[in-house]
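Trainee: need a 3D model of the following:
(2 chains)
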Amino acid sequence: MNRSGRGVAIVGVGYSDVTRRGEPNVGTLTLAAAKGALDDAGLTARDVDAIVEYSFGFRGDSPMAVSAQRLLGIENLTMFNDLMGTGPSGLAGAMDASMAIASGACETALVYRTITRQAGHTGMMREGPVQAAGAAQFTAPYGYGGGIILAMAMRKRRRVAELGGSFEDYGHIALNARQWAALNPRALFREPITMDDYFASRSVADPLLLFDCDYPVNAACAAVLTTEERARDLRHAPVVVEALAYGTGKRADWLYADDFLFGGTVPCARALWSRTDLTAADVDVAELYDGFTHITISWLEALGLCGIGEFHDWVDAGARIGPGGSLPLNTYGGQLAAGRMHGLAFLTEAVEQLRGECGARQVPGAQVAVVSNAHGPQAGAVLLRAGE
Amino acid sequence: MTRMTGMPVPEGDALTAFYWDGAAAGRLLVTRCVPHGHLSHPPEVSCPVCGSEEVVPVEVSGRGSVYSFTVVRQAFDPAFLAELPYVVALVELDEQPGLRVLTNIVECDVDAVEIGMAVEVTFEARDGTAIPQFRPGTS
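Mentor: This next block holds a predicted model:
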């Protein structure tokens, strides 16, 4: 490890129920995940002195840190942060908490991402008023809407034109999610799909298909982090934060970035590997954001898990990334098949894999996991290793 | 008399008024930094390439090529229901690699649009404003 500061470990993970209907209370969802993560760590709310959460700030979204503090009856927080709509999605809270613990600003942090269909179903929202002001004046008049859906459709088309491969490459990410979901009782979509099913899925914004997009749910996911030293005395073998990094890329923007295809993923990966003696060849399991299939392919290549533009051959018709493959990818089903918990569940799954607790989907002997979130101007990645 | 469409129209501000005023006069403008001549879009108070705050509007040819595009067949904004299907594209302007504008490709069958296709600017009159659009052209 080349990082300065105190060692940090992830010691607890928790989930609420994941539902596809209704409008559950976000406080109740958050409490379920937070209490689950604390129980898992063998800690109580009294041990928590920091809370970091990520939200879009919409209705039905993550409660603010001090709201969760009240709901848990925590006396005081020595560090808290509300990360609103930027940064590497749900992973951002864990990254922020890691830095705070490493620096000595706090000892034990709770992080969560709570999201409901109401807040997460961005495609349903009208983008702008009839008078489009601010950034929307350059997008809304063109019928550009649905969050980053159209930007992702344009990336999908551009990637194949510029780097080769085919739209089938994207299908392999979607098929892989279902393969792993079949092994995860918490996943939503556990039936396998074929490449024909993928191509038959509804066109969202040509060439983007429904099965390129994750599935909005009501859910919360939480993790508890503390010092590596304290982690040794807790319930599970600690999972250590080996390195973390952010990346934005030049002219950081979802539409106008210099590197339209990869955004901040490439500089993020470069920084990540510069902070550890481990290399891409050491990765046993990869949990890489799949809000859109393009994002996952970008991360695989940016992280050097395969060469830039080489995914098409490397993926070996899916064998490489599926159960029994040499690089197991998104082993809980990802957001495509387990629902959009908006990033943090990639981290909690990696923790469970490195503990060896994943049952039918366990990657045998997994010691090193890489986790990434988001894309474009807000990329982030964390490298984890099994501790002692 | 201007046709009232109910479709979104730009509300310019102090930073962007030059762009929309230019469009209304049939000219496509971008921002150029004085020290280096870097071109950029959309307008900001400084150059996103070098950070210089000395930025001025400059007219460009309006010629470019399709960098990428999507065919929208399901409206994300109800005001566009009557426009379906339509093409949302990033057009890279001929003046500088990486200088891209978000736009629609018009006056062209949606199935005929291709990456790399030469396009040129045209201006759509909409509710008293002018919206830069691109149509097939010569590069």
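
Trainee: what sits against B:Ser46?
Mentor: By Cβ atoms under 8 Å, 6 or more residues apart in numbering or on different chains, the residues touching B:Ser46 are B:Cys33, B:Ser52, B:Glu53, B:Val55. Heads up, the C-betas are built off the backbone N, CA and C, glycines and all.

Trainee: next, the third one: secondary structure please.
Mentor: To tie it back to what came earlier, the one meant is B:Glu53. Three-state assignment for B:Glu53 (DSSP: H, G, I helix; E, B strand; the rest coil): coil.

Trainee: so how far is chain A from B:Val101?
Mentor: B:Val101 sits 8 Å away from chain A, going by Cβ to the nearest Cβ, to the nearest Å.

Trainee: state the mean pLDDT of whatever helix or strand that residue lives in.
Mentor: Using DSSP states H and E, B:Val101 maps to strand B:100-105. Strand B:100-105 carries an average pLDDT of 98.

Trainee: just checking, what packs against it?
Mentor: If contacts are counted by 3 or more Cβ pairs under 8 Å, 6 or more residues apart in numbering or on different chains; DSSP states H and E, strand B:100-105 sits against strand B:63-72, strand B:86-93, strand B:129-136.

Trainee: now it against strand B:129-136, angle please.
Mentor: 80 degrees (axes from the mean of the first three to the mean of the last three Cα atoms, to 10 degrees).

Trainee: what's in contact with strand B:100-105?
Mentor: Under Cβ under 8 Å, 6+ apart, the answer for strand B:100-105 is A:138-139, A:142-144, A:255-256, A:260, B:41-42, B:64, B:66-67, B:69, B:86-93, B:113, B:119, B:132-136.

Trainee: what strand or helix carries the nearest residue to B:Val55 once chain neighbours are set aside?
Mentor: Counting by Cβ to Cβ, 6 or more residues apart in numbering or on different chains, the nearest residue to B:Val55 once its immediate chain neighbours are dropped is B:Thr31, at 4.8 Å. Element membership for B:Thr31 (DSSP H and E) is strand B:29-33.

Trainee: quick check: next helix or strand after that strand?
Mentor: Once strand B:29-33 ends, the next helix or strand along the chain (criterion: DSSP H and E) is strand B:39-40.

Trainee: show me what that next one is packed against.
Mentor: strand B:29-33.

Trainee: residues making contact with the strand it packs on?
Mentor: For strand B:29-33, the external contacting residues (Cβ under 8 Å, 6+ apart) are B:18-19, B:22-23, B:38-41, B:43-44, B:46-47, B:49-50, B:52, B:54-60, B:93, B:95, B:99.

Trainee: quick one: is the helix or strand bottoming out on mean pLDDT in chain B near chain A?
Mentor: With mean pLDDT, DSSP states H and E as the measure, the helix or strand of chain B carrying the lowest mean pLDDT is strand B:9-10 (a mean of 94). Yes: using Cβ under 8 Å from any Cβ of the partner chain, strand B:9-10 comes into contact with chain A via B:Val9, B:Pro10.

Trainee: which outside residues touch that strand?
Mentor: Outside strand B:9-10, the residues that touch it by Cβ under 8 Å, 6+ apart are A:130-133, A:137-138, A:140-141, B:16, B:20, B:126-129, B:131.

Trainee: what does stretch A:179-195 give?
Mentor: With Cβ under 8 Å, 6+ apart as the test, stretch A:179-195 has contacts from A:15, A:18, A:20, A:168, A:171, A:174-175, A:177-178, A:211, A:215, A:217, A:318, A:322-323, A:328-334, A:336-339, A:359-361.

Trainee: for chain A, what's the nearest residue on chain B?
Mentor: The minimum distance from chain B to chain A, using Cβ to the nearest Cβ, falls at B:Phe76 (2.9 Å).

Trainee: that residue contacts A:Ala140, doesn't it?
Mentor: No: assessed by Cβ atoms under 8 Å, B:Phe76 is found out of contact with A:Ala140, at 10.0 Å.

Trainee: and these two? Which one has more around it.
Mentor: A:Ala140 (28 against 24; other Cβ atoms under 10 Å in any protein chain shown).

Trainee: show me where pLDDT drops low in the stretch 251-388 of chain A?
Mentor: Across the stretch 251-388 of chain A, nothing is flagged by pLDDT under 70.

Trainee: for chain B, which spans come out with low pLDDT?
Mentor: Scanning chain B for pLDDT under 70 picks out B:1-4, B:139.

Trainee: the stretch 51-200 of chain A too?
Mentor: A:120-129.

Trainee: who in it is up against chain B?
Mentor: Counting by Cβ under 8 Å from any Cβ, the stretch 51-200 of chain A sits next to chain B at A:123, A:126-146, A:149-150, A:153-155, A:157-158, A:161.

Trainee: which of the residues you listed fall within strands?
Mentor: Judged by DSSP state E, those include A:Gln131, A:Ala132 as members of strands.

Trainee: quick one: which of the residues of the stretch 51-200 of chain A next to chain B sit in helices?
Mentor: Using DSSP state H, the members of those that fall in helices are A:Ile149, A:Leu150, A:Ala153, A:Met154, A:Arg155, A:Arg157, A:Arg158, A:Ala161.

Trainee: neighbour count added to these, as TSV?
Mentor: Listed next are those as TSV, based on neighbours: other Cβ atoms under 10 Å in any protein chain shown:
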residue	neighbour count
A:Ile149	22
A:Leu150	28
A:Ala153	27
A:Met154	27
A:Arg155	26
A:Arg157	23
A:Arg158	19
A:Ala161	14
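
Trainee: A:Gly249: which of the residues you listed is nearest?
Mentor: Set against A:Gly249, the nearest of these by Cβ to Cβ is A:Arg155 (13.3 Å).

Trainee: next, count neighbours for the nearest residue to B:Gly6 once chain neighbours are set aside.
Mentor: Distances taken as Cβ to Cβ, 6+ apart place B:Ala79 nearest to B:Gly6, at 5.4 Å, with adjacent residues excluded. Close neighbours of B:Ala79, defined as other Cβ under 10 Å, add up to 20.

Trainee: do A:Asp196 as well
Mentor: Using other Cβ under 10 Å, A:Asp196 has 9 neighbouring residues.

Trainee: where does it fall, secondary structure wise?
Mentor: Per DSSP H and E: A:Asp196 is located in helix A:195-200.

Trainee: which is the succeeding secondary structure element to that helix?
Mentor: Once helix A:195-200 ends, the next helix or strand along the chain (criterion: DSSP H and E) is strand A:203-205.

Trainee: so what are the sheet partners of that next one and their directions?
Mentor: The sheet places strand A:203-205 alongside strand A:208-209 (antiparallel), with pairing taken from DSSP bridges.

Trainee: where along chain A do the helices fall?
Mentor: In chain A, the segments counted as helices under DSSP H are A:26-41, A:65-72, A:91-103, A:117-120, A:149-163, A:168-181, A:195-200, A:228-231, A:265-274, A:293-302, A:311-314, A:334-338, A:344-355.

Trainee: out of the ones you listed, deepest packed?
Mentor: Of the helices of chain A, the one with the most neighbours on average (mean count of other Cβ atoms under 10 Å in any protein chain shown) is helix A:334-338, at a mean of 30.
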